[in-house]
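Q: 3D model of this:
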Amino acid sequence: MKIHNAVKLTIVLSLAISLVLPSLLAAQGQDQNYFFSFHMAVGSDFEVEVKSLEMLKPELQKIGIDMIIDTVDWASLQTAHNTDTRTYAEGGFDAYMGPLEMDDAPESSADYHSKNIPPPGDNWVSFNNGVSDSLLEAAKTEMNSTKRLELYYKWQKLILDELPTIGVYQDAGMYLFSDKVSDAAIDFAVKERPALSDPTWVLQRVEIPGTDTLIYPESFPNYFLIPILGWSYNAGCFLTLTKLDQSLKAGPGVICQSYEWSSDFTSITFHLTPDMKWSDGVPFTSEDVKFTYEAIMTPETSAVYQSKLTDDIVSIETPDPLTVVITLKQSDAFFIEALARYAGMEIIPAHTLKDIPYSQWTSSDYNTQGGLPSLGPWTFLEKVEGQYYKYQRNPYYYEKFGYPKMQYLIQEQIDDRQTALAALKNGEVHFLDTFYYWHPDYATLKTTAGIKVGVGPRLDLFSLFFNERNPILASKWVRRAIAYATPRDKIISQLLSGFGNATDIPYPVGFYARDPSLEPGYYQYDIDKAKECMTKAGYDYAWLAEASAPTPYYAYGIGIAIGAAAIGAVAFAVLKLRRGKTDR
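A: This next block holds a predicted model:
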């Protein structure tokens, strides 16, 4: 009986070894195809970015890198961007692909300053370079525009060498219109849209025969109807004191005729546009500007740009109804640009809000239900939560900039791009913004009945961000290798229908501060150069080739497995033979 049990145990162990050991060793051999693995996060809704990474993955495998693509909720990734620098192994992220925000440009380059490494701060990649810090600090206080550009040119060359982030592509803006919209209106819409403005600016000249209402969808609701409180897509109801042109250079806005700096560059005098009125007919004055900025600086409002103004402003004076004088703590080359940020810096009416305590603004009807008087081309009319926001033409909008052609504007909330496209085809909406991302479907859309396609410049960059707390990704030679292995031209031609630029540095083509000597796509696709960079990072391709081949250890393992199977077979035969004798 004991012999029978021993033979049975031998059979079981032999089968286990013969079945499991080859799988374990095969997995170990597979791992040796790469020097290392890392995790690349991307928003699950970002279709083009996901496909871009799928194109990049096999290219990285050619140079011995295994990139694991993790699709995640974009909101959680954005939250981590400002607060969490943990690596994937620590419960965070090794890297991610996403848009490089240009809303603070060129001050957005300050995101690379070591003092902004989270928490808090926007230097998620944990880039820490003393030369970079010095150049950024000098540029912030250099008021001579030529000298400031020289500093930024030096900084861009440094970033091109260090590559804390890797640019992949800069896409074009692609908009869809009803075929009832005139070509002239479309041309204005796609070429004259002010940088970083909401799409209603491009709709002022759009006219639809047979209706007085222009309808277009948004993929997100207006969270704040008092715009300084936070993100608000307010249909151009409110205006900023300054504005950015299409190269992101700041200048006077609609409500500001001109401004000048003091001789020591510590104060700015703004001259407001005369004869402007709020949509309720009350005159716009310097008191509105003072009221707005002081409200932003007040902690009770929790305004999105509170720290920017409190860090810079000493005082705000209004010597007359059309003059505002702002005194700063020190010269700041970016202050004019900061005032141009929409969704946070728009001027709001003092006469409407001054009697409401700051602490009650967020819960007030003006913020939750709308109705705040406006200066822009449209003014709020009504909303149905989760369905639409409706606006009407502002009868007092300044004539120099043209009244909107349509009487009413409706923002419908449509999250899904195919639903939005079907609505345009059916004539239910008249315009689709570029954030729905139509590039992959350009060839089909160009010939679709009832639709016109408009393509214009856009300054959005899509980049790879690397967490330098990961010791492998902290090597600039590894990041350079990834840059050389990135198939930008293939991504642009296949995913963007050719509408885009290859890019490396965090400044897009068309941005006024971009160094013109730096051609787009400095790191052209080149696997041999990528391997050279990996070699400089300390990785040995001879070792990888040897490690990828069956090793003696692997061969021994297979031999053991075969031997175990043979032993099991013999044991089984012996057991069967003994049972046969017992039966007799």
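Q: got the domain ranges for this structure?
A: 2-29+553-583, 36-171+459-538, 175-219+377-457, 224-364 (automatic domain parsing).
Q: mind putting these in a markdown table, mean pLDDT, mean neighbour count and distance to G370 included?
A: (C-beta placed from N, C-alpha, C; glycine too.) Shown next, in a markdown table, are these (pLDDT from 0 to 100; neighbours: other CB atoms under 10 Å; distance: least, CB to CB, whole Å):
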| stretch | mean pLDDT | mean neighbour count | distance to G370 |
| --- | --- | --- | --- |
| domain 2-29+553-583 | 47 | 14 | 59 |
| domain 36-171+459-538 | 90 | 19 | 24 |
| domain 175-219+377-457 | 85 | 18 | 4 |
| domain 224-364 | 92 | 18 | 5 |
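Q: right, so of the ones you listed, which gets closest to A547?
A: domain 2-29+553-583 (8.3 Å; CB to CB).
Q: where's the closest residue to W155 other than its chain neighbours relative to S52, distance?
A: Counting by CB to CB, 6 or more residues apart in numbering, the nearest residue to W155 once its immediate chain neighbours are dropped is L135, at 4.3 Å. Remark: distance between L135 and S52 (CB to CB, to the nearest Å) = 30 Å.
Q: then Q524?
A: Per CB to CB, Q524 is found 17 Å from S52.
Q: quick revisit: between the domains of the chain, which gets nearest to E546?
A: Nearest to E546, of all the domains of the chain, is domain 2-29+553-583, at 11.7 Å by CB to CB.
Q: about what we covered before: please state the offset of the strand or helix carrying the residue nearest to W155 from the chain centre?
A: Applying DSSP states H and E as the criterion places L135 in helix 130-141. The chain centroid and the centroid of helix 130-141 are separated by 24 Å under CA atoms, centre = their mean, to the nearest Å.
Q: contacting residues around it?
A: 106-107, 109-110, 112-115, 148, 151-152, 154-155, 158-159, 162, 330-334 (CB atoms under 8 Å, 6 or more residues apart in numbering).
Q: please name the residues that touch R86.
A: 92-93, 469.
Q: one more time with 10 Å
A: 80, 92-94, 467, 469-470 (CB atoms under 10 Å, 6 or more residues apart in numbering).
Q: in terms of helices and strands, where is it?
A: Using DSSP H and E, R86 falls within no helix or strand.
Q: against W124, how distant is it?
A: Separation of R86 from W124 (CB to CB): 11 Å.
Q: give me the phi and psi for the residue nearest in space to the middle of the chain.
A: The residue lying closest to the centre of the chain (CA atoms, centre = their mean) is P99, at 2.4 Å. When read as degrees, to the nearest 10, the backbone of P99 gives phi -70, psi 140.
Q: who does it bridge with?
A: F462 (DSSP bridges).
Q: can I assume it is in contact with Y437?
A: No: here P99 lies out of contact with Y437, judged by CB atoms under 10 Å, at a distance of 11.3 Å.
Q: mind listing the shared neighbours of these two?
A: Contacts common to P99 and Y437, judged by CB under 10 Å, 6+ apart, are 46, 49, 171.
Q: put together JSON lines for the residues you listed, with distance to Q369 on each row.
A: Output for the shared contacts of P99 and Y437, formatted as JSON lines (distance: CB to CB, whole Å):
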{"residue": "F46", "distance to Q369": "33"}
{"residue": "E49", "distance to Q369": "36"}
{"residue": "D171", "distance to Q369": "37"}
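Q: which of those sits closest to L353?
A: Using CB to CB, the shared contacts of P99 and Y437 come closest to L353 at F46, 37.6 Å.
Q: quick revisit: in strands, which of the contacts of R86 appear?
A: The strands, defined by DSSP state E, take in nothing from the contacts of R86.
Q: how about the strands in the stretch 51-200 of the chain?
A: 65-72, 95-100, 165-171, 173-178 (DSSP state E, counting those that start in this stretch).
Q: sheet partners, orientation included, of the last one?
A: Okay, so that is strand 173-178. strand 431-432 (antiparallel), strand 451-456 (antiparallel).
Q: okay, those strands in CSV with distance to T71 next?
A: Output for those, formatted as CSV (distance: least, CB to CB, whole Å):
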stretch, distance to T71
strand 431-432, 25
strand 451-456, 28
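Q: the stretch 451-584 of the chain: helices as residue ranges?
A: 476-485, 488-495, 527-536, 541-548, 552-583 (DSSP state H, counting those that start in this stretch).
Q: if I read this right, Y403 contacts N394, doesn't it?
A: Yes: counting by CB under 10 Å, Y403 touches N394, with 8.0 Å between them.
Q: what pairs with G173 across the strands?
A: Note on G173: beta-bridge partners by DSSP bridges are G456.
Q: what's the burial count for it?
A: The tally of other residues near G173 (other CB atoms under 10 Å) stands at 23.
Q: how close does it get to W378?
A: 21 Å.
Q: how about K446?
A: With the distance defined as CB to CB, K446 ends up 31 Å from W378.
Q: circling back: residues contacting the residue nearest to the centre of the chain?
A: 43, 46, 49, 171, 460-463.
Q: ok, now L100?
A: Per CB under 10 Å, 6+ apart, neighbours of L100: 108, 111, 165, 167-168, 170, 459-463, 465, 503, 505-508.
Q: and if we set it to 8 Å?
A: Contacts of L100 by CB under 8 Å, 6+ apart are 108, 165, 167, 460-463, 506.
Q: and the gap between A89 and L473?
A: Taking CB to CB, one finds A89 at 12 Å from L473.
Q: can you check D311 too?
A: Note on D311: its distance to L473, by CB to CB, is 32 Å.
Q: circling back to that earlier point, closest to L241 out of the strands paired with strand 173-178?
A: L241 lies closest, by CB to CB, to one member of the strands paired with strand 173-178: strand 451-456, at 25.8 Å.
Q: what's in contact with that closest one?
A: 172-179, 181, 183, 186-187, 189-191, 193, 424-425, 438, 442, 445-446, 499.
Q: distance check, the closest residue to F177 other than its chain neighbours against Y397.
A: Excluding the flanking residues, the one nearest F177 by CB to CB, 6+ apart is K452, at 4.5 Å. The gap separating K452 from Y397 is 27 Å, by CB to CB.
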